[in-house]
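Visitor: okay, predicted coordinates and the sequence, questions at the end:
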Amino acid sequence: MVKKMFRFRGVEVLLLVLAWWLAACSAAPAAATPTALPTAAVEQRTATPSVTPTATSTPTASPTVPCWAAQVAEPAEIVAQAPVGAAVEVAWQVTNTGACPWEPPLTLVALEGSDLDAPPWESTQTVPPGETLEVRVALQAPATPGAYTALWALRPAHAEPVPQTLTLRLEALPPTPTPTPTPGPPVFVQRQVDVTPGDNINFDDGGAEIAYGYNGPDDQGLGHVGDHVFFMPIYYWPPDFADCYHAAYTTKNAILNPQYQVGQAFCYTTNERRVGALHIDGYYVDARGTPHLVLTYITWAAERK
């Protein structure tokens, strides 16, 4: 009896296990709950969308700035003239438009086609991009007359010359001949005189040319004597022979009230047709009340035709 119950129990347990397995196989699978990714993983998987240009927009490429570049302010080409052997000074304003600074010492080099060597010039200034350097050079014009062209460039230390030409077109002029002075005629007579009313003056060796007339303090003068005596005011002293020889003698009028013309000068001609000049040096009245005129005159030996 006991043995039968044991068998019955075993069968019963087997049937229960079989029933459970069948039920599990026939049931629908449950939905799995997704596992959230870490934030960093999400960001790594996020791609930046690419922008496709439209037909109306053209993308612009960024220009490439060369290391060595320069720009010269006007005038980039200097034109000059100078006598042969004379000193010449020229200057340019040069801006560093490249991406690299110009390190000192900066020097000048002559380029192909230059007729003149680069003058001794050096700058200890560092020129960063965008800064301007004054290149001022002094040189000497060649000894041979002619047209010369100077083509120079700046060269920074340990670098090739900056690709910007500094141009000078120089004309060396022939020397100006020194004119040989033409000597004037010798002085015939020169002296200073002190005259009082009624005195006459002979400017050379002939008859009197001038007389001092006096009718009162405000009515006096130097009157001409003779047909060939002329007076012409001038504004400097002493004149030379040519000044008085070519003067426009148009009047024979007297020099009126000379006491008010102290310091004035006049060209004159004499009765013998010589040329001269006089200067009113002074005027005074002595203790007796007599007026005095002090004159200096020069008469040249040549005759005026």
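Guide: Thanks, I have it. Remember, predicted model here, so these are calculated numbers, not experimental data.
Visitor: right, and residue 165 touches residue 151 too?
Guide: Yes. Between residue 165 and residue 151 there is a contact at 5.5 Å, judged by C-beta atoms under 8 Å. For every residue, glycine as well, the C-beta is placed using N, CA and C.
Visitor: mutual contacts of these two, please.
Guide: Common contacts of residue 165 and residue 151 (C-beta atoms under 8 Å, 6 or more residues apart in numbering): residue 111.
Visitor: pretty sure residue 84 is touching residue 144, no?
Guide: Yes. If you go by C-beta under 8 Å, residue 84 and residue 144 touch, sitting 6.7 Å apart.
Visitor: now do the shared contacts for the two.
Guide: The contact sets of residue 84 and residue 144 overlap at residue 172 (C-beta under 8 Å, 6+ apart).
Visitor: who's in contact with residue 122?
Guide: By C-beta under 8 Å, 6+ apart, the contact set of residue 122 is 105-107.
Visitor: what of residue 224?
Guide: So residue 224 contacts 209-210, 230-231, 252, 254 (C-beta under 8 Å, 6+ apart).
Visitor: mind redoing it with 7 Å?
Guide: By C-beta atoms under 7 Å, 6 or more residues apart in numbering, the contact set of residue 224 is 209-210, 231, 252, 254.
Visitor: swap in residue 272?
Guide: Contact analysis of residue 272 by C-beta under 7 Å, 6+ apart lists 204, 206, 303.
Visitor: got phi/psi on it?
Guide: phi -90, psi 10 (degrees, to the nearest 10).
Visitor: so what pLDDT did it get?
Guide: Turning to residue 272, the model gives it a pLDDT of 90.
Visitor: return the distance of it relative to residue 241.
Guide: From residue 272 across to residue 241, the span is 16 Å (C-beta to C-beta, to the nearest Å).
Visitor: can I get stretch 209-216 as PDB, trimmed to CA atoms?
Guide: Provided in PDB are the C-alpha atoms of stretch 209-216 (Å, rounded to 0.1, in the frame of the first residue of the first chain):
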ATOM      1  CA  GLU A 209      77.500 168.900 -62.500                       C
ATOM      2  CA  ILE A 210      75.600 169.900 -59.400                       C
ATOM      3  CA  ALA A 211      74.900 173.000 -57.300                       C
ATOM      4  CA  TYR A 212      73.500 173.300 -53.800                       C
ATOM      5  CA  GLY A 213      70.700 175.800 -53.800                       C
ATOM      6  CA  TYR A 214      69.100 177.100 -50.600                       C
ATOM      7  CA  ASN A 215      66.100 179.400 -50.200                       C
ATOM      8  CA  GLY A 216      65.000 178.300 -46.700                       C
END
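Visitor: please enumerate residues in contact with that stretch?
Guide: With contacts defined as C-beta under 7 Å, 6+ apart, stretch 209-216 is touched by 195-203, 220-226, 229, 270-271, 291, 293.
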